[in-house]
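A.B. asks: Sequence and computational prediction follow.
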Protein chains: 2
Amino acid sequence: MPTYINSAFCKDCSKKLNIFHFLTDDEMNFINEHRHEVKFNPGETIFKQGGAFTHVACLTSGYGKVYIEGMNKKNLVLNILRPTEMIGGPGLFNDFRHHYSVSAIDDVVACFIEVESFMEVAKQNKEFASELFKWINQKGVRNFEKLINLTQKQMPGRIADALLYLSNSVYESDKFTVNISRQDIADLAAMSKESAIRIIKEFKESGFITCEGNDFNILEPKALHKISQTG
Amino acid sequence: MPTYINSAFCKDCSKKLNIFHFLTDDEMNFINEHRHEVKFNPGETIFKQGGAFTHVACLTSGYGKVYIEGMNKKNLVLNILRPTEMIGGPGLFNDFRHHYSVSAIDDVVACFIEVESFMEVAKQNKEFASELFKWINQKGVRNFEKLINLTQKQMPGRIADALLYLSNSVYESDKFTVNISRQDIADLAAMSKESAIRIIKEFKESGFITCEGNDFNILEPKALHKISQTG
DNA sequence: AACTTTGGTTGATAAATGTCAAGCAAAAGT
DNA sequence: ACTTTTGCTTGACATTTATCAACCAAAGTT
(Lines give C-alpha, C1' and ligand atoms only; values in the text may rest on other atoms or scores of the structure.)
Protein backbone atom coordinates (compact mmCIF):
# COMPACT_ATOMS: atom_id res chain seq x y z
CA MET A 1 0.00 0.00 0.00
CA PRO A 2 1.68 3.19 -1.15
CA THR A 3 1.56 6.15 1.17
CA TYR A 4 2.67 8.53 -1.55
CA ILE A 5 0.39 8.87 -4.52
CA ASN A 6 -0.38 11.49 -7.08
CA SER A 7 -3.40 10.14 -8.79
CA ALA A 8 -5.94 12.89 -9.16
CA PHE A 9 -5.44 16.08 -11.07
CA CYS A 10 -5.83 19.26 -9.07
CA LYS A 11 -8.58 20.60 -11.24
CA ASP A 12 -11.03 17.84 -10.35
CA CYS A 13 -10.88 18.38 -6.63
CA SER A 14 -10.67 22.15 -6.90
CA LYS A 15 -14.09 22.32 -8.52
CA LYS A 16 -15.62 22.00 -5.10
CA LEU A 17 -13.37 24.57 -3.45
CA ASN A 18 -14.61 27.99 -4.43
CA ILE A 19 -11.35 29.50 -3.31
CA PHE A 20 -9.75 28.04 -6.45
CA HIS A 21 -12.45 29.21 -8.82
CA PHE A 22 -10.58 32.33 -9.87
CA LEU A 23 -7.35 30.64 -10.85
CA THR A 24 -6.26 30.72 -14.49
CA ASP A 25 -5.25 27.48 -16.19
CA ASP A 26 -1.61 28.46 -15.84
CA GLU A 27 -1.97 29.09 -12.14
CA MET A 28 -3.88 25.85 -11.73
CA ASN A 29 -1.09 23.96 -13.46
CA PHE A 30 1.49 25.73 -11.34
CA ILE A 31 -0.29 24.63 -8.17
CA ASN A 32 -0.63 21.16 -9.63
CA GLU A 33 3.13 20.92 -10.09
CA HIS A 34 3.78 21.88 -6.50
CA ARG A 35 1.51 19.49 -4.72
CA HIS A 36 1.56 15.88 -3.61
CA GLU A 37 -0.87 13.47 -2.03
CA VAL A 38 -0.44 11.43 1.13
CA LYS A 39 -2.55 8.66 2.63
CA PHE A 40 -3.08 8.59 6.37
CA ASN A 41 -4.31 5.82 8.66
CA PRO A 42 -6.91 6.53 11.35
CA GLY A 43 -5.40 8.49 14.23
CA GLU A 44 -2.34 9.64 12.35
CA THR A 45 -1.25 13.26 12.57
CA ILE A 46 -1.61 15.35 9.42
CA PHE A 47 -0.54 18.72 10.86
CA LYS A 48 1.22 19.07 14.19
CA GLN A 49 0.70 22.16 16.33
CA GLY A 50 3.99 24.03 16.69
CA GLY A 51 5.42 22.40 13.57
CA ALA A 52 6.63 24.22 10.49
CA PHE A 53 3.90 25.50 8.17
CA THR A 54 5.38 24.25 4.90
CA HIS A 55 2.19 23.23 3.13
CA VAL A 56 -1.44 24.06 2.87
CA ALA A 57 -3.52 20.91 2.67
CA CYS A 58 -6.79 19.75 1.26
CA LEU A 59 -8.70 16.70 2.41
CA THR A 60 -9.64 14.73 -0.67
CA SER A 61 -11.16 11.77 1.15
CA GLY A 62 -11.92 10.79 4.73
CA TYR A 63 -12.62 12.82 7.85
CA GLY A 64 -10.19 14.90 9.89
CA LYS A 65 -10.16 16.43 13.33
CA VAL A 66 -8.82 19.96 13.88
CA TYR A 67 -7.88 20.63 17.47
CA ILE A 68 -5.82 22.95 19.62
CA GLU A 69 -3.57 21.22 22.12
CA GLY A 70 -4.24 23.23 25.25
CA MET A 71 -3.34 22.92 28.91
CA ASN A 72 -2.83 19.70 30.87
CA LYS A 73 -3.08 17.53 27.77
CA LYS A 74 -6.58 18.83 27.14
CA ASN A 75 -7.64 19.39 23.55
CA LEU A 76 -10.15 21.81 22.12
CA VAL A 77 -11.71 20.50 18.91
CA LEU A 78 -12.23 23.39 16.49
CA ASN A 79 -13.98 21.44 13.78
CA ILE A 80 -14.38 18.17 11.95
CA LEU A 81 -13.19 18.22 8.35
CA ARG A 82 -14.80 16.41 5.46
CA PRO A 83 -13.75 16.19 1.86
CA THR A 84 -13.26 18.53 0.18
CA GLU A 85 -12.04 21.08 2.69
CA MET A 86 -8.88 23.11 2.77
CA ILE A 87 -6.71 23.26 5.87
CA GLY A 88 -4.64 26.32 6.58
CA GLY A 89 -4.46 28.24 9.81
CA PRO A 90 -3.22 31.56 11.16
CA GLY A 91 0.44 30.66 10.67
CA LEU A 92 0.10 31.55 6.97
CA PHE A 93 1.78 34.86 6.06
CA ASN A 94 2.58 35.10 9.75
CA ASP A 95 5.03 32.96 11.72
CA PHE A 96 4.72 29.91 9.47
CA ARG A 97 3.95 27.53 12.27
CA HIS A 98 0.87 25.44 12.79
CA HIS A 99 -1.36 26.75 15.55
CA TYR A 100 -3.47 23.63 15.67
CA SER A 101 -3.05 19.95 15.03
CA VAL A 102 -5.02 17.95 12.50
CA SER A 103 -5.41 14.19 12.70
CA ALA A 104 -7.08 11.60 10.52
CA ILE A 105 -10.31 10.20 11.90
CA ASP A 106 -10.61 7.39 9.35
CA ASP A 107 -8.62 6.60 6.21
CA VAL A 108 -7.64 9.95 4.78
CA VAL A 109 -6.10 11.16 1.57
CA ALA A 110 -4.74 14.68 1.80
CA CYS A 111 -3.30 16.85 -0.91
CA PHE A 112 -0.41 19.07 0.18
CA ILE A 113 0.40 22.29 -1.65
CA GLU A 114 3.75 23.99 -1.05
CA VAL A 115 3.09 27.13 0.88
CA GLU A 116 5.51 29.25 -1.21
CA SER A 117 3.69 28.35 -4.39
CA PHE A 118 0.35 28.92 -2.76
CA MET A 119 1.36 32.38 -1.58
CA GLU A 120 2.93 33.22 -4.91
CA VAL A 121 -0.40 32.62 -6.60
CA ALA A 122 -2.15 34.64 -3.90
CA LYS A 123 0.16 37.57 -4.65
CA GLN A 124 -0.33 37.25 -8.41
CA ASN A 125 -4.06 36.81 -8.56
CA LYS A 126 -6.16 39.48 -6.85
CA GLU A 127 -9.39 37.52 -7.03
CA PHE A 128 -7.75 34.53 -5.43
CA ALA A 129 -6.28 36.77 -2.74
CA SER A 130 -9.73 38.23 -2.07
CA GLU A 131 -11.19 34.77 -1.72
CA LEU A 132 -8.38 33.82 0.61
CA PHE A 133 -9.09 36.88 2.76
CA LYS A 134 -12.72 35.91 2.80
CA TRP A 135 -11.97 32.33 3.71
CA ILE A 136 -9.67 33.35 6.59
CA ASN A 137 -12.18 35.85 7.90
CA GLN A 138 -15.02 33.34 7.73
CA LYS A 139 -12.94 31.14 10.01
CA GLY A 140 -12.43 34.18 12.19
CA VAL A 141 -16.17 34.75 12.54
CA ARG A 142 -16.61 31.10 13.45
CA ASN A 143 -13.97 31.42 16.15
CA PHE A 144 -15.78 34.44 17.58
CA GLU A 145 -18.95 32.38 17.75
CA LYS A 146 -17.04 29.58 19.42
CA LEU A 147 -15.60 32.03 21.92
CA ILE A 148 -19.09 33.16 22.92
CA ASN A 149 -20.61 29.70 22.84
CA LEU A 150 -17.93 28.20 25.03
CA THR A 151 -17.62 31.03 27.54
CA GLN A 152 -21.22 32.19 27.89
CA LYS A 153 -23.31 29.06 27.56
CA GLN A 154 -23.57 26.28 30.05
CA MET A 155 -23.24 22.62 29.22
CA PRO A 156 -26.66 21.85 27.69
CA GLY A 157 -26.30 24.79 25.31
CA ARG A 158 -22.80 23.75 24.33
CA ILE A 159 -23.77 20.12 23.69
CA ALA A 160 -26.78 21.29 21.70
CA ASP A 161 -24.40 23.36 19.57
CA ALA A 162 -22.07 20.40 19.12
CA LEU A 163 -24.88 18.06 18.04
CA LEU A 164 -26.36 20.62 15.66
CA TYR A 165 -22.91 21.23 14.23
CA LEU A 166 -22.38 17.51 13.63
CA SER A 167 -25.84 17.12 12.13
CA ASN A 168 -25.85 20.23 9.94
CA SER A 169 -22.25 20.78 8.96
CA VAL A 170 -20.47 17.45 9.23
CA TYR A 171 -22.79 14.54 8.52
CA GLU A 172 -25.49 16.66 6.86
CA SER A 173 -28.41 14.63 8.12
CA ASP A 174 -30.68 14.41 11.16
CA LYS A 175 -29.63 10.79 11.42
CA PHE A 176 -25.92 10.15 11.54
CA THR A 177 -23.33 7.75 12.86
CA VAL A 178 -20.36 9.51 14.39
CA ASN A 179 -16.85 8.30 13.77
CA ILE A 180 -15.52 10.39 16.67
CA SER A 181 -15.36 9.42 20.35
CA ARG A 182 -17.31 10.81 23.28
CA GLN A 183 -14.10 12.53 24.33
CA ASP A 184 -14.04 14.31 20.97
CA ILE A 185 -17.61 15.50 21.44
CA ALA A 186 -16.62 16.70 24.90
CA ASP A 187 -13.58 18.49 23.44
CA LEU A 188 -15.86 20.12 20.89
CA ALA A 189 -18.00 21.50 23.71
CA ALA A 190 -15.12 22.22 26.11
CA MET A 191 -16.21 20.00 28.99
CA SER A 192 -15.36 16.67 30.58
CA LYS A 193 -16.25 13.45 28.84
CA GLU A 194 -18.52 12.44 31.73
CA SER A 195 -20.46 15.70 31.59
CA ALA A 196 -20.94 15.39 27.83
CA ILE A 197 -22.32 11.87 28.27
CA ARG A 198 -24.70 13.04 30.98
CA ILE A 199 -26.11 15.91 28.90
CA ILE A 200 -26.57 13.61 25.90
CA LYS A 201 -28.46 11.26 28.20
CA GLU A 202 -30.68 14.12 29.36
CA PHE A 203 -31.47 15.04 25.75
CA LYS A 204 -32.33 11.41 25.13
CA GLU A 205 -34.64 11.29 28.15
CA SER A 206 -36.30 14.53 27.05
CA GLY A 207 -37.00 12.96 23.67
CA PHE A 208 -34.97 15.53 21.74
CA ILE A 209 -32.65 12.90 20.29
CA THR A 210 -32.09 9.18 20.17
CA CYS A 211 -28.61 7.79 20.64
CA GLU A 212 -27.50 4.18 20.63
CA GLY A 213 -23.74 3.96 20.73
CA ASN A 214 -22.52 6.05 17.83
CA ASP A 215 -25.89 6.30 16.08
CA PHE A 216 -27.53 9.65 16.65
CA ASN A 217 -30.90 10.90 15.51
CA ILE A 218 -31.90 14.51 16.03
CA LEU A 219 -35.65 14.32 16.63
CA GLU A 220 -36.28 17.88 17.77
CA PRO A 221 -33.75 20.23 16.20
CA LYS A 222 -35.89 23.19 17.26
CA ALA A 223 -35.66 22.16 20.89
CA LEU A 224 -31.89 21.96 20.58
CA HIS A 225 -31.81 25.37 18.92
CA LYS A 226 -33.79 26.79 21.78
CA ILE A 227 -31.44 25.30 24.36
CA SER A 228 -28.54 26.67 22.37
CA GLN A 229 -30.11 30.15 22.38
CA THR A 230 -31.00 30.09 26.06
CA GLY A 231 -27.49 29.16 27.05
CA MET B 1 -15.99 71.60 19.92
CA PRO B 2 -16.00 70.06 16.43
CA THR B 3 -16.70 66.38 16.18
CA TYR B 4 -15.50 66.23 12.59
CA ILE B 5 -11.90 67.16 12.03
CA ASN B 6 -9.23 66.33 9.52
CA SER B 7 -6.17 67.75 11.13
CA ALA B 8 -3.37 65.23 10.88
CA PHE B 9 -1.95 63.92 7.66
CA CYS B 10 -2.12 60.18 7.21
CA LYS B 11 1.59 59.77 6.83
CA ASP B 12 2.36 60.94 10.36
CA CYS B 13 0.18 58.41 12.06
CA SER B 14 1.00 55.61 9.65
CA LYS B 15 4.65 55.66 10.62
CA LYS B 16 3.78 53.65 13.67
CA LEU B 17 1.60 51.15 11.83
CA ASN B 18 3.88 48.72 10.05
CA ILE B 19 1.01 47.57 7.90
CA PHE B 20 1.29 50.88 6.00
CA HIS B 21 5.04 50.72 5.56
CA PHE B 22 4.89 49.26 2.10
CA LEU B 23 2.58 51.85 0.58
CA THR B 24 3.90 54.09 -2.18
CA ASP B 25 3.42 57.84 -1.88
CA ASP B 26 0.61 57.64 -4.39
CA GLU B 27 -1.17 54.95 -2.44
CA MET B 28 -0.63 56.89 0.78
CA ASN B 29 -2.19 59.97 -0.79
CA PHE B 30 -5.04 57.93 -2.13
CA ILE B 31 -5.78 56.59 1.36
CA ASN B 32 -5.41 60.10 2.71
CA GLU B 33 -8.10 61.36 0.37
CA HIS B 34 -10.53 58.69 1.48
CA ARG B 35 -10.34 59.09 5.21
CA HIS B 36 -11.81 61.32 7.88
CA GLU B 37 -11.37 61.83 11.59
CA VAL B 38 -14.02 61.73 14.29
CA LYS B 39 -13.84 62.61 17.99
CA PHE B 40 -15.66 60.44 20.49
CA ASN B 41 -16.64 61.06 24.09
CA PRO B 42 -16.07 58.39 26.75
CA GLY B 43 -18.51 55.52 26.38
CA GLU B 44 -19.54 56.35 22.84
CA THR B 45 -19.74 53.60 20.26
CA ILE B 46 -17.15 53.67 17.48
CA PHE B 47 -18.10 50.40 15.76
CA LYS B 48 -21.37 48.60 16.40
CA GLN B 49 -21.57 44.83 16.16
CA GLY B 50 -23.92 43.86 13.36
CA GLY B 51 -23.53 47.22 11.68
CA ALA B 52 -22.26 47.78 8.15
CA PHE B 53 -18.50 47.50 7.72
CA THR B 54 -17.98 50.66 5.69
CA HIS B 55 -14.68 51.81 7.15
CA VAL B 56 -11.52 50.51 8.68
CA ALA B 57 -10.47 52.68 11.61
CA CYS B 58 -7.34 53.69 13.40
CA LEU B 59 -7.21 55.05 16.92
CA THR B 60 -5.07 58.18 16.85
CA SER B 61 -5.61 59.16 20.47
CA GLY B 62 -7.33 57.72 23.53
CA TYR B 63 -8.20 54.20 24.56
CA GLY B 64 -10.85 51.92 23.08
CA LYS B 65 -12.57 48.74 24.16
CA VAL B 66 -13.18 45.91 21.67
CA TYR B 67 -15.90 43.54 22.78
CA ILE B 68 -18.28 40.93 21.47
CA GLU B 69 -21.87 41.37 22.55
CA GLY B 70 -22.77 37.86 23.57
CA MET B 71 -25.71 36.20 25.29
CA ASN B 72 -27.95 37.72 27.95
CA LYS B 73 -26.40 41.17 27.60
CA LYS B 74 -23.02 39.74 28.55
CA ASN B 75 -19.96 41.12 26.82
CA LEU B 76 -16.64 39.48 26.10
CA VAL B 77 -13.81 42.00 25.95
CA LEU B 78 -11.35 40.97 23.23
CA ASN B 79 -8.80 43.67 23.83
CA ILE B 80 -8.11 47.23 24.87
CA LEU B 81 -6.89 49.51 22.10
CA ARG B 82 -4.32 52.25 22.45
CA PRO B 83 -3.06 54.71 19.89
CA THR B 84 -1.94 53.91 17.29
CA GLU B 85 -3.82 50.72 16.58
CA MET B 86 -5.88 49.72 13.57
CA ILE B 87 -9.38 48.31 13.97
CA GLY B 88 -10.76 45.91 11.40
CA GLY B 89 -12.40 42.60 12.04
CA PRO B 90 -13.44 39.47 10.18
CA GLY B 91 -16.18 41.25 8.26
CA LEU B 92 -13.53 42.57 5.83
CA PHE B 93 -13.59 40.83 2.44
CA ASN B 94 -16.36 38.72 3.94
CA ASP B 95 -19.88 39.81 4.82
CA PHE B 96 -18.96 43.46 5.47
CA ARG B 97 -20.53 43.58 8.87
CA HIS B 98 -18.89 44.26 12.19
CA HIS B 99 -18.53 41.18 14.34
CA TYR B 100 -17.61 43.12 17.44
CA SER B 101 -18.35 46.51 18.91
CA VAL B 102 -15.76 49.12 19.78
CA SER B 103 -16.38 51.91 22.28
CA ALA B 104 -14.35 54.83 23.48
CA ILE B 105 -12.95 54.46 27.00
CA ASP B 106 -11.82 58.06 27.31
CA ASP B 107 -11.69 60.92 24.79
CA VAL B 108 -10.88 59.29 21.49
CA VAL B 109 -9.92 60.47 18.05
CA ALA B 110 -10.36 57.85 15.38
CA CYS B 111 -9.42 57.98 11.75
CA PHE B 112 -11.82 56.22 9.38
CA ILE B 113 -10.66 54.87 6.03
CA GLU B 114 -13.25 53.92 3.43
CA VAL B 115 -13.20 50.18 3.09
CA GLU B 116 -13.40 50.20 -0.72
CA SER B 117 -10.30 52.34 -0.95
CA PHE B 118 -8.54 50.24 1.63
CA MET B 119 -9.29 47.05 -0.27
CA GLU B 120 -8.35 48.60 -3.58
CA VAL B 121 -4.89 49.34 -2.24
CA ALA B 122 -4.71 45.82 -0.80
CA LYS B 123 -5.42 44.41 -4.25
CA GLN B 124 -2.89 46.69 -5.95
CA ASN B 125 0.00 46.34 -3.55
CA LYS B 126 1.21 42.80 -2.85
CA GLU B 127 3.40 43.77 0.07
CA PHE B 128 0.53 45.57 1.70
CA ALA B 129 -1.71 42.58 1.10
CA SER B 130 0.88 40.30 2.68
CA GLU B 131 1.09 42.55 5.73
CA LEU B 132 -2.68 42.58 5.93
CA PHE B 133 -2.77 38.77 5.82
CA LYS B 134 -0.17 38.73 8.55
CA TRP B 135 -2.05 41.22 10.67
CA ILE B 136 -5.32 39.28 10.37
CA ASN B 137 -3.62 35.99 11.18
CA GLN B 138 -1.86 37.48 14.19
CA LYS B 139 -5.28 38.38 15.53
CA GLY B 140 -6.33 34.83 14.73
CA VAL B 141 -3.52 33.37 16.82
CA ARG B 142 -4.47 35.64 19.69
CA ASN B 143 -8.05 34.44 19.47
CA PHE B 144 -6.86 30.83 19.63
CA GLU B 145 -4.94 31.68 22.78
CA LYS B 146 -8.00 33.36 24.21
CA LEU B 147 -10.07 30.31 23.37
CA ILE B 148 -7.71 28.09 25.37
CA ASN B 149 -7.24 30.55 28.22
CA LEU B 150 -10.94 31.08 28.73
CA THR B 151 -12.06 27.46 28.34
CA GLN B 152 -9.24 25.56 30.01
CA LYS B 153 -8.11 27.80 32.88
CA GLN B 154 -9.99 28.52 36.02
CA MET B 155 -10.53 31.95 37.43
CA PRO B 156 -7.13 32.71 39.03
CA GLY B 157 -5.35 31.82 35.78
CA ARG B 158 -7.72 33.95 33.74
CA ILE B 159 -7.35 36.98 36.01
CA ALA B 160 -3.58 36.53 35.99
CA ASP B 161 -3.74 36.61 32.19
CA ALA B 162 -5.90 39.73 32.24
CA LEU B 163 -3.59 41.59 34.62
CA LEU B 164 -0.47 40.58 32.69
CA TYR B 165 -2.18 41.66 29.48
CA LEU B 166 -3.03 45.07 30.92
CA SER B 167 0.46 45.47 32.35
CA ASN B 168 2.44 44.26 29.34
CA SER B 169 0.34 45.15 26.34
CA VAL B 170 -1.92 48.03 27.33
CA TYR B 171 -0.32 50.25 29.96
CA GLU B 172 3.21 48.92 29.40
CA SER B 173 4.32 49.18 33.01
CA ASP B 174 4.23 47.15 36.21
CA LYS B 175 2.48 50.13 37.80
CA PHE B 176 -0.60 51.34 36.04
CA THR B 177 -3.92 53.05 36.62
CA VAL B 178 -6.75 51.42 34.73
CA ASN B 179 -9.39 53.48 33.00
CA ILE B 180 -11.68 50.48 32.69
CA SER B 181 -14.19 49.19 35.22
CA ARG B 182 -14.12 45.99 37.26
CA GLN B 183 -16.87 44.74 34.99
CA ASP B 184 -14.55 45.25 32.03
CA ILE B 185 -11.79 43.26 33.72
CA ALA B 186 -14.35 40.54 34.43
CA ASP B 187 -15.47 40.61 30.78
CA LEU B 188 -11.83 40.29 29.74
CA ALA B 189 -11.54 37.13 31.82
CA ALA B 190 -15.05 35.81 31.08
CA MET B 191 -16.39 35.70 34.63
CA SER B 192 -18.72 37.62 36.94
CA LYS B 193 -17.66 40.99 38.33
CA GLU B 194 -17.84 39.62 41.87
CA SER B 195 -15.56 36.71 41.07
CA ALA B 196 -13.01 39.00 39.41
CA ILE B 197 -12.97 41.25 42.48
CA ARG B 198 -12.46 38.27 44.75
CA ILE B 199 -9.51 36.87 42.78
CA ILE B 200 -7.88 40.30 42.65
CA LYS B 201 -8.28 40.45 46.41
CA GLU B 202 -6.62 37.04 46.77
CA PHE B 203 -3.68 38.19 44.65
CA LYS B 204 -3.41 41.25 46.88
CA GLU B 205 -3.43 39.13 50.03
CA SER B 206 -0.81 36.81 48.53
CA GLY B 207 1.41 39.83 47.94
CA PHE B 208 1.53 39.33 44.15
CA ILE B 209 0.02 42.74 43.45
CA THR B 210 -1.14 45.89 45.15
CA CYS B 211 -4.41 47.46 44.16
CA GLU B 212 -6.06 50.60 45.55
CA GLY B 213 -9.08 51.52 43.51
CA ASN B 214 -7.86 51.75 39.95
CA ASP B 215 -4.15 51.83 40.80
CA PHE B 216 -2.50 48.49 40.19
CA ASN B 217 1.06 47.41 40.82
CA ILE B 218 2.30 44.04 39.67
CA LEU B 219 4.83 43.05 42.33
CA GLU B 220 5.39 39.43 41.33
CA PRO B 221 4.85 39.00 37.59
CA LYS B 222 6.54 35.60 37.79
CA ALA B 223 3.99 34.40 40.32
CA LEU B 224 1.19 35.54 38.02
CA HIS B 225 2.82 33.80 35.08
CA LYS B 226 3.00 30.62 37.08
CA ILE B 227 -0.67 30.85 38.01
CA SER B 228 -1.47 31.50 34.37
CA GLN B 229 0.49 28.41 33.33
CA THR B 230 -1.01 26.18 36.01
CA GLY B 231 -4.50 27.15 35.01
C1' DA C 1 -26.63 69.78 53.19
C1' DA C 2 -29.49 66.01 51.92
C1' DC C 3 -30.41 62.92 48.39
C1' DT C 4 -29.56 59.83 44.62
C1' DT C 5 -26.82 57.27 41.68
C1' DT C 6 -23.01 54.52 40.43
C1' DG C 7 -19.38 51.36 40.98
C1' DG C 8 -17.02 48.57 44.17
C1' DT C 9 -16.97 45.10 47.88
C1' DT C 10 -18.37 41.34 50.89
C1' DG C 11 -20.86 37.26 52.63
C1' DA C 12 -24.18 33.65 52.17
C1' DT C 13 -26.03 30.48 49.26
C1' DA C 14 -27.18 27.72 45.25
C1' DA C 15 -26.06 25.96 40.98
C1' DA C 16 -22.90 24.15 37.67
C1' DT C 17 -19.16 21.33 36.66
C1' DG C 18 -15.13 18.38 37.27
C1' DT C 19 -13.00 14.46 39.50
C1' DC C 20 -12.69 9.97 41.19
C1' DA C 21 -13.95 5.32 41.37
C1' DA C 22 -16.36 1.54 39.88
C1' DG C 23 -18.69 -1.23 36.59
C1' DC C 24 -19.83 -2.79 31.95
C1' DA C 25 -19.67 -4.17 27.18
C1' DA C 26 -17.47 -4.56 22.97
C1' DA C 27 -13.32 -5.20 20.64
C1' DA C 28 -8.75 -6.74 20.27
C1' DG C 29 -5.02 -9.61 21.34
C1' DT C 30 -3.02 -14.27 22.83
C1' DA D 1 -11.75 -19.64 24.38
C1' DC D 2 -9.65 -16.75 27.52
C1' DT D 3 -7.59 -12.52 28.81
C1' DT D 4 -6.72 -7.77 28.17
C1' DT D 5 -7.67 -3.48 26.69
C1' DT D 6 -10.43 0.31 25.43
C1' DG D 7 -14.23 3.29 25.44
C1' DC D 8 -18.63 4.21 27.51
C1' DT D 9 -21.56 4.88 31.47
C1' DT D 10 -23.09 5.84 36.11
C1' DG D 11 -22.98 7.44 40.93
C1' DA D 12 -20.98 9.89 44.71
C1' DC D 13 -18.57 13.62 45.92
C1' DA D 14 -15.74 17.90 45.97
C1' DT D 15 -14.76 22.06 43.86
C1' DT D 16 -15.56 25.94 41.19
C1' DT D 17 -18.30 29.62 40.00
C1' DA D 18 -22.51 32.46 39.64
C1' DT D 19 -26.20 34.71 41.86
C1' DC D 20 -28.43 37.36 45.24
C1' DA D 21 -28.65 40.66 48.73
C1' DA D 22 -26.70 43.91 51.47
C1' DC D 23 -23.54 47.48 52.38
C1' DC D 24 -20.23 51.15 51.49
C1' DA D 25 -17.96 55.09 49.48
C1' DA D 26 -17.39 58.38 46.10
C1' DA D 27 -19.39 61.33 42.90
C1' DG D 28 -22.94 63.82 41.11
C1' DT D 29 -27.80 66.21 41.81
C1' DT D 30 -31.24 68.92 43.75
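C.D. replies: That came in fine, so what should we check first? Numbers count the residues shown, from 1 in each chain, chains lettered A, B, ... in the order given.

A.B. asks: Can you tell me the SS state at A:Gln229?
C.D. replies: Here A:Gln229 is recorded as helix under DSSP: H, G, I helix; E, B strand; the rest coil.

A.B. asks: Are stretch A:192-206 and chain B in contact anywhere?
C.D. replies: No - shown here: stretch A:192-206 not in contact with chain B (CB under 8 Å from any CB of the partner chain), separated by at least 11.6 Å. From N, CA and C alone the C-beta is placed, and that goes for glycine too.

A.B. asks: Which residues does that stretch contact?
C.D. replies: When contacts are defined by CB atoms under 8 Å, 6 or more residues apart in numbering or on different chains, stretch A:192-206 is touched by residues A:155-156, A:159-160, A:163, A:182-183, A:185-186, A:189, A:209-211, A:223-224.

A.B. asks: Over to stretch A:124-139?
C.D. replies: With CB under 8 Å, 6+ apart, stretch A:124-139 has contacts from A:18-24, A:27, A:86, A:88, A:90, A:92, A:121-123, B:90-94, B:119, B:122-123, B:129, B:132-133, B:136-137, B:140.

A.B. asks: And the buried ones among these, selectable in PyMOL?
C.D. replies: Applying 16 or more other CB atoms under 10 Å in any protein chain shown to those leaves a buried subset, and the PyMOL line that selects it is:
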select buried, (chain A and resi 19+20+23+27+86+88+90+92+121+122) or (chain B and resi 90+91+92+93+94+119+122+129+132+133+136+137+140)
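
A.B. asks: And the contacts of stretch A:192-206, which two are furthest apart?
C.D. replies: Greatest spatial distance among the contacts of stretch A:192-206 (CB to CB): A:Gln183 and A:Ala223, at 25.2 Å.

A.B. asks: tell me the domain ranges of chain A?
C.D. replies: Using automatic domain parsing, the domain ranges for chain A come out as A:4-130, A:153-230.

A.B. asks: Looking at the contacts of stretch A:192-206, which is nearest chain B?
C.D. replies: Distance to chain B across the contacts of stretch A:192-206 (CB to the nearest CB) is lowest for A:Ala189, with 9.6 Å.

A.B. asks: And the helices in chain A?
C.D. replies: A:10-14, A:25-33, A:115-124, A:126-152, A:155-165, A:182-188, A:193-205, A:221-230 (DSSP state H).

A.B. asks: who touches A:Phe22 in this structure?
C.D. replies: Counting by CB under 8 Å, 6+ apart, the residues that A:Phe22 touches are A:125, A:127-128, A:131.

A.B. asks: Which member of those residues is positioned nearest A:Met71?
C.D. replies: If you rank these by distance to A:Met71 using CB to CB, A:Glu131 comes first, at 35.0 Å.

A.B. asks: Retrieve the pLDDT associated with that closest one.
C.D. replies: Here, the pLDDT recorded for A:Glu131 equals 96.

A.B. asks: now the one 5 residues further on
C.D. replies: According to the predicted model, the pLDDT of A:Ile136 comes to 98.

A.B. asks: cool, and A:Ile19?
C.D. replies: Looking at A:Ile19, the pLDDT reads 87.

A.B. asks: Contacts only, for it.
C.D. replies: Listed by CB under 8 Å, 6+ apart, the contact set of A:Ile19 reads A:86, A:128, A:131-132, A:135.

A.B. asks: Could you find the closest non-adjacent residue to A:His34?
C.D. replies: A:Ser117 (3.8 Å; CB to CB, 6 or more residues apart in numbering or on different chains).

A.B. asks: can you tell me how far the one you found sits from chain B?
C.D. replies: 15 Å (CB to the nearest CB, to the nearest Å).

A.B. asks: Can you report how many residues lie near that residue?
C.D. replies: A count of nearby residues for A:Ser117, using other CB atoms under 10 Å in any protein chain shown, gives 18.

A.B. asks: can I assume it is in contact with A:Met28?
C.D. replies: No - the criterion here is CB atoms under 8 Å, and A:Ser117 misses it with A:Met28 at 11.6 Å.

A.B. asks: Among the domains of chain A, which comes closest to B:Glu37?
C.D. replies: Closest among those, once you apply CB to CB, is domain A:4-130, at 28.2 Å.

A.B. asks: Quick one: distance of that closest one to the chain centre.
C.D. replies: Relative to the chain's own centre, domain A:4-130 is displaced by 11 Å; criterion: CA atoms, centre = their mean, to the nearest Å.

A.B. asks: swap in stretch A:121-135?
C.D. replies: For stretch A:121-135, the distance to the chain centre is 21 Å (CA atoms, centre = their mean).

A.B. asks: for DNA strand D, what are the nearby residues on chain A?
C.D. replies: A:181-183, A:193-194, A:197-198, A:200-201, A:211, A:213-214 (CB under 7 Å from any atom of the strand).

A.B. asks: Which one of those sits in the busiest neighbourhood?
C.D. replies: Going by other CB under 10 Å, A:Ile200 tops the residues of chain A next to DNA strand D with 20 neighbours.

A.B. asks: which residues of chain A score low on pLDDT?
C.D. replies: A:1-12, A:14-15 (pLDDT under 70).

A.B. asks: Let's see that with 80 instead.
C.D. replies: The model of chain A has pLDDT under 80 over residues A:1-18, A:231.

A.B. asks: What are the buried residues along stretch A:201-210?
C.D. replies: A:203, A:208-209.

A.B. asks: Kindly report the same for stretch A:153-160.
C.D. replies: Within stretch A:153-160, the residues that count as buried by 16+ other CB under 10 Å are A:153, A:155-160.

A.B. asks: Kindly report the same for stretch A:90-107.
C.D. replies: Across stretch A:90-107, burial judged by 16+ other CB under 10 Å covers A:90-94, A:98-105.

A.B. asks: As JSON lines, those with distance to B:Thr60 would be great.
C.D. replies: Shown next, in JSON lines, are the buried residues of stretch A:90-107 (distance: CB to CB, whole Å):
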{"residue": "A:Pro90", "distance to B:Thr60": "27"}
{"residue": "A:Gly91", "distance to B:Thr60": "31"}
{"residue": "A:Leu92", "distance to B:Thr60": "30"}
{"residue": "A:Phe93", "distance to B:Thr60": "26"}
{"residue": "A:Asn94", "distance to B:Thr60": "26"}
{"residue": "A:His98", "distance to B:Thr60": "36"}
{"residue": "A:His99", "distance to B:Thr60": "31"}
{"residue": "A:Tyr100", "distance to B:Thr60": "35"}
{"residue": "A:Ser101", "distance to B:Thr60": "40"}
{"residue": "A:Val102", "distance to B:Thr60": "41"}
{"residue": "A:Ser103", "distance to B:Thr60": "46"}
{"residue": "A:Ala104", "distance to B:Thr60": "49"}
{"residue": "A:Ile105", "distance to B:Thr60": "49"}
